[in-house]
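# All I have is the shape, not the residue letters:
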């Protein structure tokens, strides 16, 4: 049995027949073909798959594709509107907030969520806000600096 | 001290913390990692892994799996037997009585660790492949298992391989100086038993491969999560029999490695095998839980150590016996890690007249062990830094003072240590002084005393290190049994428009060489960094290289690039002299221009030269067209970065909780091409070492079940439990390196575990806690202090 869903991804509607067990992250990667969203674990610990669902950050491995029928999803490919870089992406670049870059798409959305709910976080609040996402390369320090810089610039996306 | 600077003084581009060139694609989701590669007709592999640590395999029934929806094929070890060769071990330590047992890509009759591959399903989707995996029936006859490398050598321990009686894979010894005399004349002997717990590297990208085989031509292409695509081609050829000229290996963007993407693992060969059998592309990507049993682990030493010293704290000798767990089989580089990269580094930054260490590499029923960031050097540094602190405590002298009394004095060009190495350059005391001044050591000690008086337990931990990297002279590699070379190569090619392509054999996976290598070229030739594109990772369009590990990519690959770039400059100068109608001796070069001495307006830019070389309308007699150079750089020695780190912690004895209050890192990697990237490497490295001290451990039960089998159970550091790392540096260039650089990838990890550990033990001094097993979890600390409130 398959489920019919229509999901707006980065502003474009995608209609598909999916297995009920299909995770949102698998839908995005394998059905829509947007591979920017990454899978780093199988227990919802790492946050590499974080995207926005109707503007709110969601670990897309914790969510079935069928659950987002009718929703709007934003992935890293759609974070910047104009083919350039969003302020958070610029800040990560400027502050060397990434090394291998595999956790980065999820980290950007964790930061996005943090700034959405707290536009002027302290470094401690940033660290707390990112604790659901694992980065093995940076030691987080430059990610914290990047989020601070994005907050100081007053923009996230 | 004044150091001899053999490299050019840092110019504007070299030494500048510019933004990375690789970032835009990584920030926008347009980077392509192995798991992102999908080919026409793509199929998906799922691998059945042994649930037993040690068992005989009886009948394997694949009938139901083969009939399951979407299944293309099911293969077992019987299918690959005779088709795939065993996975070779590539570091055959001489004089160690090495016993390599065959490591099959799929087990044939015996499994030796939880995760050993038994069968594979290929299906039209990953879901179908995993569904069918559950339909394979395997008759296992469980055998007794052993996971502790020391106990595995006991009489009566379960035996893994007939080839290796007593489970001993090798026994290696390093000895220098008169160790017996050292201990006979010692006033003080310090003893300790150190467990360097097993760690799981946990690159956020798991391992995986996509294989495509063209039956009619016999060509195999493999996209692979690897740190060293050229070695993959070599080993893949050995195992599959596909000749190297028909093998193409692509390391696309790679999501971290930390050593775990050096070796070729079972899944890589199984994926290639399936593609070859089916003539269809096959993709295999580990789940995280699969990664934790199938990709290599790190560390796993049990060390019994003794230090001989005088009563005023001068070290006379170091003696150790190490049992190094190798896992069920010897991984590619595994034997070299607890020996060459560990035992030879036991002098550290200290003058130690006599050293002897026996290392037993031991088979256990666990996932094979390989390099993990630092690879052998953290295990040496921790040993030394613990012993020095224990000595300080024993003779009641400040641990800084004990270090001062033993540290090797500054040297600029060569210092021999008793293990046989010659360090390149060092100024260890300067790094320590800088770290102590920055952290405010004297006042910290006063604050610590005041805090103790109030019942608060602050600890200060110091760690000094020297590490060996830039591996290494190939002649030495051969002498120590490494089954390959350790040189690097680079090609620099100018296009007619003056833009540059650089092709390198090394293959970074997060370290940023697309930027730092462009900086090297830009600095040497006066082109813009943005005009230099660095190409790596595809064996079909890059020159041979031996890989990115041991902090060697810049130390060796960067040197190759510098040499090639200087060759370009020599040719360009000849052409400039021809075009400017001046003697070559009169041609000078500055700011990207060749000009006639005394007439700076008579000049040709490097771009002018590139155009004229490429169109070749007017070349001097005998000069070939084009502006391109290559080099093969084999370093004359290793490089030896060093540093001193200080950690400050506060321990709550009521809960056992450790709060990291400050962390100061002073590292010396020679000249820095991009200080921002250097700082990032230090951050990440330090945090991984902190992880070992406080949180991380691969835990097996006595039956060989991995209890920390997912990220829900294995505790990697997270953002909210870490302080800002205060990063400083000193600069002592390597005297033998064309750019004066040394390497920085592993330094932080090598130093930080000991610094944090020493700080915790220092905090617990009032409780007379002398040693604890890592990680220093709240429970271990709470138990060690007896759950008491204060002392």
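On my side now, so go ahead. All of these numbers come straight from a predicted model, not from anything done at the bench. Numbers count the residues shown, from 1 in each chain, chains lettered A, B, ... in the order given.
# now stretch B:227-239, how far from the chain's geometric center?
Its chain's average C-alpha position is 18 Å from that of stretch B:227-239, according to C-alpha atoms, centre = their mean, to the nearest Å.
# Average the pLDDT values over that stretch and round to the nearest integer.
On average, the pLDDT along stretch B:227-239 is 98.
# and what of stretch B:553-572?
96.
# Quick check: buried residues in it?
B:553-565, B:568-569, B:571-572 (16 or more other C-beta atoms under 10 Å in any protein chain shown). Heads up, the C-betas are built off the backbone N, CA and C, glycines and all.
# Is chain A within reach of it?
No. Interface with chain A: stretch B:553-572 contributes nothing (C-beta under 8 Å from any C-beta of the partner chain), its closest point being 13.2 Å away.
# re earlier: so which of the buried residues of stretch B:553-572 sit within helices?
B:559, B:560, B:561, B:562, B:563, B:564, B:565, B:568, B:569, B:571, B:572 (DSSP state H).
# host element of whichever residue of chain B sits closest to chain A?
Here the residue of chain B nearest chain A is residue B:29; by C-beta to the nearest C-beta that distance is 1.9 Å. Using DSSP states H and E, residue B:29 falls within no helix or strand.
# From residue A:45, how far off is it?
Separation of residue B:29 from residue A:45 (C-beta to C-beta, to the nearest Å): 21 Å.
# cool, residue B:283 as well?
From residue B:283 to residue A:45 the distance is 24 Å (C-beta to C-beta).
# Ok, residue A:133 next?
From residue A:133 to residue A:45 the distance is 9 Å (C-beta to C-beta).
# Looking at those two, which has the bigger crowd around it?
Neighbour count, other C-beta atoms under 10 Å in any protein chain shown: between residue A:133 and residue A:45, residue A:133 has more, with 28 against 21.
# Need the three-state assignment for the nearest residue to the more buried one once chain neighbours are set aside.
Nearest residue to residue A:133 in three dimensions, chain neighbours excluded: residue A:47, at 3.3 Å (C-beta to C-beta, 6 or more residues apart in numbering or on different chains). Assigned by DSSP: H, G, I helix; E, B strand; the rest coil, the conformation of residue A:47 is coil.
# shouldn't residue A:47 be in contact with residue A:108?
No. If you go by C-beta atoms under 8 Å, residue A:47 and residue A:108 don't touch, sitting 10.6 Å apart.
# ok, these two, which is more surrounded?
Just comparing residue A:47 and residue A:108: by other C-beta under 10 Å the higher neighbour count belongs to residue A:108, 33 against 27.
# looking at this, the more buried one is in a helix?
Yes. Under three-state DSSP, residue A:108 falls within a helix.
# Which residues are in contact with it?
Contacts for residue A:108 were tallied using C-beta atoms under 8 Å, 6 or more residues apart in numbering or on different chains; they are A:76, A:79, A:88, A:89, A:92, B:27.
# And the first one, its phi and psi?
Note on residue A:76: its backbone torsions stand at phi -60, psi -30 [degrees, to the nearest 10].
# Contacts only, for it.
Residue A:76 neighbours (C-beta under 8 Å, 6+ apart): A:36, A:37, A:51, A:104, A:105, A:108, A:109, B:27, B:28, B:29.
# if we can go back for a sec, out of the ones in helices among the buried residues of stretch B:553-572, which two are the most distant from each other?
Greatest spacing in those, by C-beta to C-beta: B:559 and B:572 (20.3 Å).
# what does the stretch 551-700 of chain B have sitting close to chain A?
Counting by C-beta under 8 Å from any C-beta, the stretch 551-700 of chain B sits next to chain A at B:676, B:677, B:679, B:680, B:683, B:684, B:685, B:686, B:687, B:688.
# Now do the same contact list for the residue in chain B sticking out farthest from the centre.
Distance from the C-alpha centroid of chain B peaks at residue B:581, with 51.1 Å (C-alpha atoms, centre = their mean). By C-beta under 8 Å, 6+ apart, the contact list for residue B:581 is empty.
# Could you check the pLDDT of it?
For residue B:581, the pLDDT comes out at 95.
# same thing with residue B:472?
82.
# Look up how far residue B:311 lies from the closest residue to chain B within chain A.
Using C-beta to the nearest C-beta, the closest approach of chain A to chain B is made by residue A:36 at 1.9 Å. Look at residue A:36 and residue B:311: by C-beta to C-beta, they are 63 Å apart.
# So which of these two has more stuff around it?
Neighbour count, other C-beta under 10 Å: between residue A:36 and residue B:311, residue A:36 has more, with 25 against 11.
# Who does residue B:188 form a beta bridge with?
Residue B:188 has these beta-bridge partners by DSSP bridges: residue B:309.
# Quick check, it in contact with residue B:397.
No. Residue B:188 is beyond contact range of residue B:397, at 10.9 Å (criterion: C-beta under 8 Å).
# can you list the domain ranges for chain A.
A:3-77, A:87-152 (automatic domain parsing).
# Any idea how far the longest one is from the middle of the chain?
Computed by C-alpha atoms, centre = their mean, the separation of domain A:3-77 from the middle of its chain amounts to 10 Å.
# One more: the last one?
Using C-alpha atoms, centre = their mean, we find the averaged C-alpha position of domain A:87-152 to lie 11 Å away from the chain's own average C-alpha position.
# With stretch B:582-592 instead?
42 Å.
# where in the chain is pLDDT low?
Using chain A. Within chain A, the stretches with pLDDT under 70 are A:155-157.
# Actually, chain B is the one I wanted.
Using pLDDT under 70, the flagged stretches of chain B are B:1-11, B:787-791.
# So which of the contacts of residue A:76 wins on neighbours?
Neighbour counts for these peak at residue A:108, which has 33 neighbours (criterion: other C-beta under 10 Å).
# And that residue, how close does it get to residue A:7?
From residue A:108 to residue A:7 the distance is 20 Å (C-beta to C-beta).
# before we move on, what about residue B:681?
Relative to residue A:7, residue B:681 is positioned 40 Å away (criterion: C-beta to C-beta).
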